[in-house]
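Enquirer: Pasted the sequence and its predicted model underneath.
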There are 2 protein chains.
Amino acid sequence: MYPEEEFPPASATDHAPSAMPSVVTPSPMVAEAPAPETSAVKSVARIMSVAYELFSRRGVRDVGVNELIERSGVAKATFYRHFPSKDSLVLAFLEQRDKQWTVDAIVSEARRRGETPTEQLLAIFDVFGDWFLREDFEACSFINVLLEMGPAHPLGQASIDYLARIRGHVQALAEEAGLRRPEEFARSWHILMKGSIISATEGDMHAAKRAQQMAGWLIEHHRN
Amino acid sequence: MYPEEEFPPASATDHAPSAMPSVVTPSPMVAEAPAPETSAVKSVARIMSVAYELFSRRGVRDVGVNELIERSGVAKATFYRHFPSKDSLVLAFLEQRDKQWTVDAIVSEARRRGETPTEQLLAIFDVFGDWFLREDFEACSFINVLLEMGPAHPLGQASIDYLARIRGHVQALAEEAGLRRPEEFARSWHILMKGSIISATEGDMHAAKRAQQMAGWLIEHHRN
DNA sequence: ACAGGGGGAAAGACCGGTCTGTCTTCCCCC
DNA sequence: GGGGGAAGACAGACCGGTCTTTCCCCCTGT
């Protein structure tokens, strides 16, 4: 099962499309059971929780609004009061995914596992290795949405933006490690990340190890 | 524009799901204009031609049967006489894509460009570089379908099979080059291919060059 | 050689289901 | 009593798939 813990209420990120409904969450707490609790913000949290679960597992096109509202025990009117359209919910989901998956699950975890910036970079593929082994492994939502909707669609564009953010994290680590041409480094590194994710989707359980090996050579090549 | 030249009528490949309708094409020739020509096989060829165009550009889920039959100037009953379902047409499309794109456009072209097996391997990314520059670049249909339908769906499974075939071509070249552990080599190589395709979809025009550089290190590492 | 018949194909109505999105009704709770 | 939420009907479009009607081409029988 995936975290499904509390998630901070948007907090208006500087960059990236922010389609989160303008709702001020005073105390972030989520009811995962369909118990008919009171209060207003609960609805948004429940919808977001269900959307995260379904969208990340099955993609955004396969999950309809009717299923979303049914699974979150919310009325359709309530859904459309908080989200003007399904696409805006998808946008909010992508933002959530960036916080919960990219930052918390991958980058922070990799930084925690390694001591030096170089170790932290390589630890990304250790985290990937664990992630690939999960039985509920569901690939990268940004790649999924990008390929599902195409790079011209707003949702595809948003996915490209969030993928660029991932590259930004890698570039930051590369700069901390004092590597040469960190932007180029991050682009090459990102090829390894995305390629290993696709290979893992095909069923290659050792894709992370293979990518990590090539990542090591890439680091060597960018040492000054 | 894509080839859209004549394509040999199925010829019943040994491996892979063959959902091509059981039709014996005497002389393969395709009429691309919606001129009301005679004969029966024309219908299948027209449907396949339109399906190749639309599926490869927009994915299989975004293209409906109604649009397919309208664009190919064929009656709905005719479509369903030759293809029992939309999925079977998608299967036929994937088989066509393997012949036309994987084999003819990528592998054969790479073998033509390089002299030694090693050069031919690296030439794959030269071909990719040209491919990424096309304004109608539409990513890899096998990856698209795999992510669109999921690895459990029959179409996803078929895509995995065709991706394995691509890896087989790489492995064959690795064996010709006398590299160590060619199967492992091909899996790592494939990570670079797939990762660069995603990066190109994001807009990185130099993704092929980056992948080629890492591919060179991979070859070095597998030299005996 | 010509009439007749059979079958494939075109056109499109139709079916049940799903999609996103709107609107109404009722009810509960502050 | 008023507002928000639950429930759900509804609209309009589209989905994959079936079936009917009409037509025309070609094959066959005499």
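Expert: All right, it came through fine. What you see is a predicted model, and the numbers here were worked out from it, not measured in a lab.

Enquirer: so how far is the top helix by length along chain A from its chain's centroid?
Expert: Determined from DSSP state H, the single longest helix within chain A is helix A:154-176. In this view, helix A:154-176 has its centroid 11 Å away from the chain centroid, taken as CA atoms, centre = their mean, to the nearest Å.

Enquirer: Next secondary structure after that helix?
Expert: Next helix or strand after helix A:154-176 toward the C-terminus (DSSP states H and E): helix A:182-202.

Enquirer: Any buried residues in the following helix or strand past that following helix, and which?
Expert: Scanning forward in sequence from helix A:182-202 by DSSP H and E, the next helix or strand is helix A:207-221. Judged by neighbour count (16 or more other CB atoms under 10 Å in any protein chain shown), helix A:207-221 contains these buried residues: A:207-215, A:217-219. C-beta coordinates here come from the backbone N, C-alpha and C atoms, glycine included.

Enquirer: Apart from its neighbours in sequence, what residue is nearest the residue of chain A found nearest chain B?
Expert: Going by CB to the nearest CB, chain B is nearest to A:Gly195 of chain A, at 2.8 Å. Counting by CB to CB, 6 or more residues apart in numbering or on different chains, B:Gly195 is the residue found nearest to A:Gly195 once chain neighbours are left out, at 2.8 Å.

Enquirer: Among the buried residues of helix A:207-221, find me the one that's closest to B:Ala75.
Expert: A:Ala207 (45.8 Å; CB to CB).

Enquirer: mind listing what the closest one touches?
Expert: Contacts for A:Ala207 (CB atoms under 8 Å, 6 or more residues apart in numbering or on different chains) come out as A:128, A:132, A:195-197, A:199-200, B:187, B:191.

Enquirer: so where is chain A shaky, pLDDT-wise?
Expert: A:1-40 (pLDDT under 70).

Enquirer: any idea whether the closest residue to A:Leu163 other than its chain neighbours is helix, strand or coil?
Expert: Distances taken as CB to CB, 6+ apart put A:Phe142 closest to A:Leu163, at 5.0 Å, once the chain neighbours are dropped. For A:Phe142, the assignment made with DSSP: H, G, I helix; E, B strand; the rest coil gives helix.

Enquirer: doesn't A:Ser159 make contact with A:Phe142?
Expert: Yes. Contact criterion CB atoms under 8 Å: A:Phe142 and A:Ser159 qualify, at 4.3 Å.

Enquirer: Show me whatever sits in contact with both of those two.
Expert: The contact sets of A:Phe142 and A:Ser159 overlap at A:Leu94 (CB under 8 Å, 6+ apart).

Enquirer: Contact partners for the residue nearest the centre of chain A?
Expert: Residue closest to the mean C-alpha point of chain A, counted by CA atoms, centre = their mean, is A:Arg97 at 3.3 Å. With contact taken as CB under 8 Å, 6+ apart, A:Arg97 is in contact with A:52, A:55-56, A:141-142, A:162.

Enquirer: Can you pull up the residues of chain A that come close to chain B?
Expert: Contact residues (CB under 8 Å from any CB of the partner chain) of chain A with chain B: A:58-59, A:61, A:139, A:143-144, A:146-148, A:150-151, A:160, A:163-164, A:184, A:187-188, A:190-196, A:198-199, A:201-204, A:206-207, A:210-211, A:213-214, A:217-218, A:221.

Enquirer: Let's see the ChimeraX selection covering just the buried ones among those.
Expert: Selection of buried members from the residues of chain A next to chain B for ChimeraX, criterion 16+ other CB under 10 Å:
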select /A:59,61,139,143,144,146,147,148,150,151,160,163,164,184,187,188,190,191,192,193,194,195,196,198,199,201,202,204,206,207,210,211,213,214,217,218
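
Enquirer: Contact residues of chain A facing DNA strand D?
Expert: A:36, A:40, A:43, A:73-78, A:81 (CB under 7 Å from any atom of the strand).

Enquirer: Show me which of those residues is closest to A:Leu173.
Expert: A:Leu173 has its nearest neighbour among the residues of chain A next to DNA strand D in A:Ser43, at 38.5 Å by CB to CB.

Enquirer: tell me the SS of the closest one?
Expert: Secondary structure assignment for A:Ser43 (three-state DSSP): helix.

Enquirer: What residues does chain A have near DNA strand C?
Expert: When proximity is defined as CB under 7 Å from any atom of the strand, chain A approaches DNA strand C at A:38, A:63-67, A:76-77, A:80, A:85-87.

Enquirer: Which of the residues you listed fall in helices?
Expert: Among those, the ones falling in helices (DSSP H) are A:65-67, A:76-77, A:80, A:86-87.

Enquirer: Return the residues in contact with A:Ile198.
Expert: Taking CB under 8 Å, 6+ apart, we find A:Ile198 in contact with A:139, A:143, B:143, B:146, B:191, B:194-195, B:198.

Enquirer: Could you do A:Pro117 as well?
Expert: With CB under 8 Å, 6+ apart, A:Pro117 has these contacts: A:173-174, A:176-178.

Enquirer: Now which of these would you call buried?
Expert: Using 16+ other CB under 10 Å as the threshold, A:173-174, A:177 are the buried ones among these.
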